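K.L.:
Based on what follows, work out the 3D shape:
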Amino acid sequence: MLILAIADLHGPASALARVPAMAAEADLVLAAGDHIDFGGAQEARKLLALLEGAEGKIALVPGNCGKSGARAVLEDRRISADGRLVAAAGAMIIGAGGSPRRSVMTPYERSDGESSEALALALEACEGEGSSRPLIVLTHAPPKGSGAERRKGVDVGSPALRGALDRIGLPL
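P.N.:
Model prediction:
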């Protein structure tokens, strides 16, 4: 399976000019947040227009820069795995968007409890499926203890994500 994974592009939809061609060749497109930089519903719609040919093979979560209008558009299209299960390209994708609350200067920061709840809801939906399809956990924030959680000397890892991965037995 060929997977296109994108994250933290932080740009307008025009910055994604190469993505449609790559998405067309991929079996599954995973987008882990901050695709648009502080954009709202209009920018989210432009992004989705670029990915129009990827229906049925895309799942994403919003990043910490995702405004509520943009998040609503992604949820309405049923491709957001933020606190829910998305089936795409024969896989089950669950996730949590945003980032752990640190600065309260970005639109989508969550407490660890909120992240835990989102992942628990997604896992519950997944368990209800009773499927043997592959499970993918998609998040914007890295799990605590992964080695990827330090940014400018600050620990930005999510203990909630680490706990969820431990509960379902997924190694880092």
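K.L.:
Output the below-cut-off pLDDT ranges for this structure.
P.N.:
11-15, 103-104, 130-131, 149-151, 171-172 (pLDDT under 70).
K.L.:
mind listing the strands for it?
P.N.:
If DSSP state E is used as the criterion, the strands of the chain fall at 3-6, 28-31, 58-60, 85-88, 91-96, 99-100, 109-110, 135-139, 150-151, 154-155.
K.L.:
mind giving me a markdown table with the ones you listed and columns for distance to residue 124 and mean neighbour count?
P.N.:
No exception for glycine: its C-beta is placed from N, CA and C like everyone else's. Below are the strands of the chain laid out as a markdown table (distance: least, CB to CB, whole Å; neighbours: other CB atoms under 10 Å):
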| stretch | distance to residue 124 | mean neighbour count |
| --- | --- | --- |
| strand 3-6 | 25 | 15 |
| strand 28-31 | 21 | 24 |
| strand 58-60 | 17 | 27 |
| strand 85-88 | 9 | 20 |
| strand 91-96 | 9 | 25 |
| strand 99-100 | 22 | 24 |
| strand 109-110 | 18 | 18 |
| strand 135-139 | 13 | 21 |
| strand 150-151 | 31 | 12 |
| strand 154-155 | 28 | 12 |
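K.L.:
For residue 74, find the nearest of those.
P.N.:
Closest approach to residue 74 among the strands of the chain is made by strand 58-60 (6.4 Å; CB to CB).
K.L.:
Contacts for the closest one next, please.
P.N.:
Here strand 58-60 makes contact (CB atoms under 8 Å, 6 or more residues apart in numbering) with 23, 28-33, 35, 51, 74, 79-81, 86, 88, 93, 95, 136, 138.
K.L.:
run the last query once more with 7 Å
P.N.:
For strand 58-60, the external contacting residues (CB atoms under 7 Å, 6 or more residues apart in numbering) are 29, 30, 31, 51, 74, 79, 80, 81, 86, 88, 93, 138.
K.L.:
At which residues are the helices of the chain located?
P.N.:
Secondary structure of the chain (DSSP state H): helices located at 19-25, 41-50, 68-76, 112-129, 159-168.
K.L.:
Mind putting the ones you listed into CSV with mean neighbour count?
P.N.:
Output for the helices of the chain, formatted as CSV (neighbours: other CB atoms under 10 Å):
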stretch, mean neighbour count
helix 19-25, 14
helix 41-50, 18
helix 68-76, 18
helix 112-129, 17
helix 159-168, 18
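K.L.:
With distance to residue 19 added, can I get the strands of the chain in TSV?
P.N.:
Formatted as TSV, these follow (distance: least, CB to CB, whole Å):
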stretch	distance to residue 19
strand 3-6	7
strand 28-31	8
strand 58-60	11
strand 85-88	16
strand 91-96	18
strand 99-100	22
strand 109-110	26
strand 135-139	17
strand 150-151	24
strand 154-155	30
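K.L.:
Done for today, thanks.
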